[in-house]
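**Student:** Let me see the structure of the following:
(3 chains)
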Amino acid sequence: MSSFVSRESDPNGRQFYCRKEKSLGVLCTNFLRLYDSGGVDSIGLDDAAARLGVERRRIYDVVNILESVGVVARKQKNRYLWKGFEAIPRALEGLKEEGFRKNFSAFASCNSAKVDMITLDNAAALLLGDGHNSTAMRTKVRRLYDIANVFSSMNLIEKTHHPDSRKPAFRWLGWRGNNGPVTSLDLKQPNKRIFGTDISNYNMKRNKGDSSIDWNSNQKENVPVIIRCKDLENDCNENKPDQHTKHSSKCVEFGPFTPVGVQTVSDSKNKIVSRIQDLERLAFTYHPQYNNQVLSDLFGHYVEAWKSWYVEVAMKEKTQKRS
DNA sequence: TTCTCCCGCCATCTC
DNA sequence: GAGATGGCGGGAGAA
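**Tutor:** Below is the predicted model of the structure:
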């Protein structure tokens, strides 16, 4: 399986630098697509970097975040184990438990009205605690952008705006069994770039790596080919009125793929309450360990929001049945 | 000007 | 000691 790609050039021979196609979100989507295809349970970092056409350093960025939600687990040096999307609910529950043990339950309860939405500034301030300076905040926010980029590509969160301040914020969507990496087809025509996307331009300095991959062209063998940055320029959207917005058909599709063995949205509605019980049983018997404190803490908050969402939907279901 | 986030340096860790 | 890992912040693109 080969995956190296070449870059589109203009008539003068200059190469396009497409920031979007190098984003962590796109890289994560491609990574998941590559290893979710089945049959692969061992992931070599060098191999992944080569296949995805990125530097090894970027693979660390993605893998570390995926590890925090249970999709992969470190096996040994340079090697990770693919655990798949089925592991996500369990990992989230573990993080939730951890969050409860720390102070985030207090935070969640006192902000219950807007618990499903948080700005990165707020998240950074929360994680840093008292006495942080602006430099630390900036650094933390940068890291949170990275993390949010990956979660966004998995549809675990979505970008929105805070209703009061109109500042950019992120809403927890949670794992609903059919998330999978976001696809360009999931996005509407843009007014502006969204988080994790960008516009083409020239930059010879940044032409080293190359990760533009069209996984559709040869799905069976996962052989990627070049995609055109121009086709991706309209991927952007924010303030989506619903979670499953559509995208221009001329755009290249990075997905979609649905994790094997997970249920659909229509199924899930009827099983909300029983799923919560299932997850709590899982959490009771299994407590994964996470070394990244920031991720752990942030997830403590998000998982709490996730549970609130489920409970709210379950309540509405009950009310509707009664009426 | 602010938001966004890619990029790679370099300190620390692991083998 | 060498290679692996990942924290960190510069700086550039876009709104």
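**Student:** For residue A:160, what is the enclosing helix or strand?
**Tutor:** Applying DSSP states H and E as the criterion places residue A:160 in strand A:157-161.
**Student:** What confidence value was assigned to residue A:59?
**Tutor:** Confidence at residue A:59, expressed as pLDDT, is 91.
**Student:** Backbone dihedrals for it, please?
**Tutor:** Main-chain dihedrals, residue A:59, degrees, to the nearest 10: phi -60, psi -40.
**Student:** Check residue A:40 too.
**Tutor:** Here is the backbone geometry of residue A:40 (degrees, to the nearest 10): phi -110, psi 120.
**Student:** Who's the closest spatial neighbour of it, skipping the chain neighbours?
**Tutor:** residue A:82 (5.9 Å; CB to CB, 6 or more residues apart in numbering). For every residue, glycine as well, the C-beta is placed using N, CA and C.
**Student:** and the one you found, bridged to which residues?
**Tutor:** Note on residue A:82: beta-bridge partners by DSSP bridges are residue A:72.
**Student:** one step back: any residue of the helix or strand following the strand holding residue A:160 up close to DNA strand B?
**Tutor:** On the C-terminal side of strand A:157-161, the nearest following helix or strand under DSSP H and E is strand A:168-172. Yes. Counting by CB under 7 Å from any atom of the strand, DNA strand B has neighbours in strand A:168-172: residue A:168.
**Student:** List the buried residues in strand A:168-172.
**Tutor:** Of all the residues in strand A:168-172, those buried under the rule 16 or more other CB atoms under 10 Å are A:169, A:170, A:171, A:172.
**Student:** I'd like to check which residues are in contact with the residue nearest to residue A:40.
**Tutor:** A:35, A:36, A:40, A:41, A:42, A:43, A:71, A:72 (CB atoms under 8 Å, 6 or more residues apart in numbering).
**Student:** redo that, cut-off 10 Å
**Tutor:** Going by CB atoms under 10 Å, 6 or more residues apart in numbering, residue A:82 touches A:32, A:34-36, A:38-43, A:66, A:71-73, A:75.
**Student:** Return the members of those residues classed as buried.
**Tutor:** A:32, A:34, A:35, A:36, A:43, A:66, A:71, A:72, A:73.
**Student:** which one in the residues you listed is the model shakiest on?
**Tutor:** By pLDDT, residue A:36 ranks lowest within the buried ones among the contacts of residue A:82, coming in at 84.
**Student:** Now residue A:26: phi and psi?
**Tutor:** Torsion angles, degrees, to the nearest 10, at residue A:26: phi -70, psi -40.
**Student:** how much space between residue A:83 and residue A:36?
**Tutor:** As judged by CB to CB, to the nearest Å, residue A:83 and residue A:36 stand 11 Å apart.
**Student:** residues bridging contact with the two, i.e. touching both?
**Tutor:** Joint contacts of residue A:83 and residue A:36 (CB under 10 Å, 6+ apart) are residue A:71.
**Student:** So what's the residue count around the closest residue to DNA strand C within the stretch 1-150 of chain A?
**Tutor:** With CB to the nearest atom of the strand, the shortest gap between the stretch 1-150 of chain A and DNA strand C falls at residue A:139, namely 3.3 Å. For residue A:139, the count of nearby residues is 14 (other CB atoms under 10 Å).
**Student:** Ok, residue A:162 next?
**Tutor:** So residue A:162, with other CB under 10 Å, has 17 neighbours.
**Student:** ok, now residue A:98?
**Tutor:** Neighbours around residue A:98, by other CB under 10 Å: 20.
**Student:** The stretch of helix or strand residue A:64 belongs to near DNA strand B anywhere?
**Tutor:** Remark: residue A:64 resides in helix A:56-68, with elements defined by DSSP H and E. Yes. Residues of helix A:56-68 contacting DNA strand B under CB under 7 Å from any atom of the strand: A:57, A:58.
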